[in-house]
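> Give me a model of this one.
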Amino acid sequence: MKTVGQLVRIRMDIRGRVQGVGFRPFVFRLAREMGLSGWVSNSLEGVSVEAEGSPDVVNLFAQRLIREKPHLSSFEILESRTLEAVGRRTFEIRESQTAGTPTALVLPDTATCADCLRELFDVSDRRYLYPFVNCTNCGPRYSIIESLPYDRQNTTMKRFQMCRACTSEYNDPSNRRFHAEPNACPACGPSLRAWDTQGHVVSVREDALRSAVRALRQGATVAIKGLGGFQLLVAAKDDAAVRRLRLRKQREEKPFAVMYPSLDSVAKACEVNECENAILTSPAAPIVLLRRHSDDLAPSVAPGNSYLGVMLPYTPLHHILMSDLDFPIVATSGNRSDEPICIDEREALERLGRVADLLLVHNRPIARHVDDSVTRVILGDIQVLRRARGYSPLPIDAGRPLCSTLAVGGHLKNTVAVAVRNEVIMSQHIGDLESAASFDAFRRVVNDLTGFYKVAPASIVADAHPDYISTRFAARSDAPHFSVQHHYAHVLSCMADNKIEGPVLGVAWDGSGFGLDGTIWGGEFLRVDDAGWRRVAHFRKFPIPGGDAAIREPRRAACGVLYELFGDVGLGMGELPPVQAFTPQEGRVLQGMLKQQLNTPRTSSVGRLFDAVASFIGLRHRSNFEGQAAMDLEFAADRVHTMDTYGFRLSGDSGLSRPFIVDWDQLFRGILDDIRRHERVEEIAAKFHNALVEIIVDVARRIGEKQVVLTGGCFQNRYLTEHAAPRLLAEGFRPYWHHHVPPNDGGIAVGQVLAAALEQEKPCA
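As a prediction, this is how the structure comes out:
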């Protein structure tokens, strides 16, 4: 080390989760405690630190900085070097540096910490019952930031001038609000208003909270402006109120999430294991799907569902409301069907004025919409099904250098992603691109991510489906663009999630994806390595009369299977539930479509096979939301314990010159035999799932790749994943499934970025 007398100086440049988590105050306090001089500063890349002192103390400082860093922080890169000591006398926090290329992480919003919660309910504290309490360990981040670096003037809090007391905290190194950018109190910060549906002020501040509590107790629907947008709240035990919300929101049967006052109250209604407990109470505080063991909620909250989407209060506003109510409430996105959530109170008046009876609003602007994340536990670990609040936009480590790329995802459960260095920055959940409002939200998120990191994409990558709105967006851009096959993107996303490299056997099963042969794929086995991918097996194809209409009508998929097996004779099997589900006139139209192949695409989709089985055994002929029939089938299978299965056959020679075909002829004939024998629905559902597991194992044996990746929307199914992975392991394979990247279409943007990197013929600069 270079010295001035007995002094040495160290320079540390740190990238990772180091802005907005109290990292600079921590460094400041640590350096002062150890008697070091120097400085710490935010930059567009992360945080930079210089410290001077005796060699032993400087070395210990570097070790403690790594070991004792704030619990919300993490390091991706730490570069350290020695410089000539200059003899500084003090240690200071310098103004943020604004030069360079932005690579610092934008952090997610996090749940109220224990310290802030204690203050919230302390009658002697000046923030008693203040619904915007926060500190460096918790509170809004992604929902309020407008640009990097993360400083107050770059957030929506810039309009609020801190009072003398808050300013003192902000400038006090010993205070946990030292440089807490959203710092505020009742004297200087945001405040609440209760509005009627015409926008007239009903009450303010504490009275506004009381108005909302009173309305909820009386069975009203309350729209609250939360952290990342509006939520619609209603008492979860009031069936009339919940049904009224469904009618107004135009949401027929899709389950509602429920917020409980405490973990103890959750445990009275649901099974909660140690992992689920940890996720519920984590800083991300997502919705967690839990198995129900009580029916004390309104039947219309989650009709026919064995699981309940549960969350705990995660903002001060939620904590205050739930402490007053002390009963569970439905807490669902503040939107109508197929729309993004509202983030502005005036917009909410227009869009939610006929849904809610009262609006609880505040004057802290929301920079972008951020839905609640949805998770479940599979095989003892988290699986994120919808990645948003608490997780986005944290990066996914790609494990390789990436070129400047924008990936625009798919059509359903859309997310977008950008490549920054060797990381994929994945957006929050945007949703289905079914409306003009959804597409507007999509474009705003694209501008957000590319703007934060000043990404001028060298390429834009989209799904191969030519009619997806996201694909058309890419085609209209000025940057070079190309498409990636849907299921290949699924496999790459799971590989990135598990930080593995090829070769792998990717088992990609979902409802639909555009196939290279012009048909609809969805039951795919792909061999993937750095050179590309090859389809090595797939399910036998069958016709789906009505095309997209079959997504909402499982009976159509069932009749397509019957026609594939038996021709016209199959549609004459009037004793079968799917045939009975059509009127004679509808049956004749259906038969004509199948015979003449009119609007009757062929598919290899396992998702549609789930639908067909659900219709065959009379569980569901029409679905009110995507995947409902498959969920019914999973719940039925979950109620029995059997190792019995159905037969199947793999046709083809080696799977190398041409793909194996998974022929399900025996499987469905076995189901029909069981139906005629009046076998229990639960037994048939379980045997079908078990057959799918054996198909995976058989294909894996024949292809011979040890790494097997389970991906696509079908692997949201807990029964399927929790049976397939152990079977593969028992046969000597290494199975991988999703954890932090959704297995559904919400994860394919990550795979698209990886595909773009593999396509590059020349290394990036």
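
> Excluding sequence neighbours, find me the nearest residue to residue 650.
residue 660 (4.8 Å; Cβ to Cβ, 6 or more residues apart in numbering). Placement of C-beta: from N, CA and C, glycine included.

> meant to ask about residue 705
residue 505 is the one closest to residue 705 (Cβ to Cβ, 6+ apart), at 4.1 Å.

> if I pick the residue nearest to residue 650, what's in contact with it?
Residues near residue 660 by Cβ atoms under 8 Å, 6 or more residues apart in numbering: 525, 536-538, 650-652, 699, 702.

> Please list only the buried members of those.
Among these, the ones that count as buried by 16 or more other Cβ atoms under 10 Å are 525, 536-538, 652, 699, 702.

> Make a markdown table out of these and add pLDDT, secondary structure and distance to residue 725.
Below are the buried ones among the contacts of residue 660 laid out as a markdown table (pLDDT from 0 to 100; DSSP: H, G, I helix; E, B strand; the rest coil; distance: Cβ to Cβ, whole Å):
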| residue | pLDDT | secondary structure | distance to residue 725 |
| --- | --- | --- | --- |
| 525 | 98 | strand | 16 |
| 536 | 96 | strand | 20 |
| 537 | 97 | strand | 19 |
| 538 | 97 | strand | 21 |
| 652 | 81 | coil | 26 |
| 699 | 98 | helix | 15 |
| 702 | 95 | helix | 19 |
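
> Of those residues, which pair is most distant in space?
With distances taken as Cβ to Cβ, the most widely separated pair in the buried ones among the contacts of residue 660 is 538 and 702, at 13.3 Å.

> What's the per-residue pLDDT of the spatially most central residue of the chain here?
Taking Cα atoms, centre = their mean as the criterion, residue 387 is the residue nearest the geometric centre of the chain, at 1.6 Å. Note on residue 387: pLDDT of 97.

> just residue 427 next, same as before
For residue 427, the model assigns a pLDDT of 96.

> Pull the contacting residues for it.
Contacts of residue 427 (Cβ under 8 Å, 6+ apart): 392-393, 415-417, 445, 448-449, 749.

> Same question for residue 631.
residue 305.

> Residue 384 now?
So residue 384 contacts 286, 373-375, 391, 738-742 (Cβ under 8 Å, 6+ apart).

> same deal with residue 172?
Contacts of residue 172 (Cβ under 8 Å, 6+ apart): residue 178.

> Point me to the helix or strand that includes residue 683.
helix 681-703 (DSSP states H and E).

> Would you verify that residue 433 is located in a strand?
No: per DSSP: H, G, I helix; E, B strand; the rest coil, residue 433 lies outside any strand segment and is coil.

> Not counting its neighbours along the chain, what's nearest it?
Nearest to residue 433 is residue 469, by Cβ to Cβ, 6+ apart, at 4.5 Å.

> residues near the one you found, how many?
The criterion is other Cβ atoms under 10 Å. On that basis, residue 469 has 20 neighbouring residues.

> Tell me the confidence at it?
95.

> From residue 601, how far out is it?
20 Å (Cβ to Cβ, to the nearest Å).

> circling back: of the contacts of residue 660, closest to residue 619?
Looking across the contacts of residue 660 and measuring by Cβ to Cβ, the closest to residue 619 is residue 538, at 25.8 Å.

> Would you confirm that the closest one contacts residue 664?
No: counting by Cβ atoms under 8 Å, residue 538 does not reach residue 664; the two are 11.5 Å apart.

> all strands for the stretch 1-150 of the chain, in order.
3-4, 7-17, 37-42, 47-53, 74-83, 91-93 (DSSP state E, counting those that start in this stretch).

> Out of these, which is closest to residue 133?
Of the strands of the stretch 1-150 of the chain, nearest to residue 133 by Cβ to Cβ is strand 7-17, at 22.2 Å.

> Strand partners (parallel or antiparallel) of the closest one?
If you go by DSSP bridges, strand 7-17 pairs up with strand 3-4 (antiparallel), strand 47-53 (antiparallel), strand 74-83 (antiparallel).

> Including mean pLDDT and distance to residue 461, could these go into JSON lines?
Shown next, in JSON lines, are the strands paired with strand 7-17 (pLDDT from 0 to 100; distance: least, Cβ to Cβ, whole Å):
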{"stretch": "strand 3-4", "mean pLDDT": "46", "distance to residue 461": "52"}
{"stretch": "strand 47-53", "mean pLDDT": "92", "distance to residue 461": "32"}
{"stretch": "strand 74-83", "mean pLDDT": "80", "distance to residue 461": "23"}
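
> Spell out which residues make up each domain of the chain.
3-93, 192-362, 378-484+748-759 (automatic domain parsing).

> With distance to residue 595 added, can I get those in TSV?
Output for the domains of the chain, formatted as TSV (distance: least, Cβ to Cβ, whole Å):
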stretch	distance to residue 595
domain 3-93	59
domain 192-362	33
domain 378-484+748-759	26
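
> Any stretches of this structure with poor pLDDT?
Where the chain drops to pLDDT under 70, the residues are 1-5, 97-104, 653-656, 761-765.

> quick revisit: would you reformat the buried ones among the contacts of residue 660 as JSON lines and include distance to residue 710?
Compiled in JSON lines, the buried ones among the contacts of residue 660 are given as follows (distance: Cβ to Cβ, whole Å):
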{"residue": "525", "distance to residue 710": "11"}
{"residue": "536", "distance to residue 710": "15"}
{"residue": "537", "distance to residue 710": "14"}
{"residue": "538", "distance to residue 710": "16"}
{"residue": "652", "distance to residue 710": "22"}
{"residue": "699", "distance to residue 710": "12"}
{"residue": "702", "distance to residue 710": "17"}
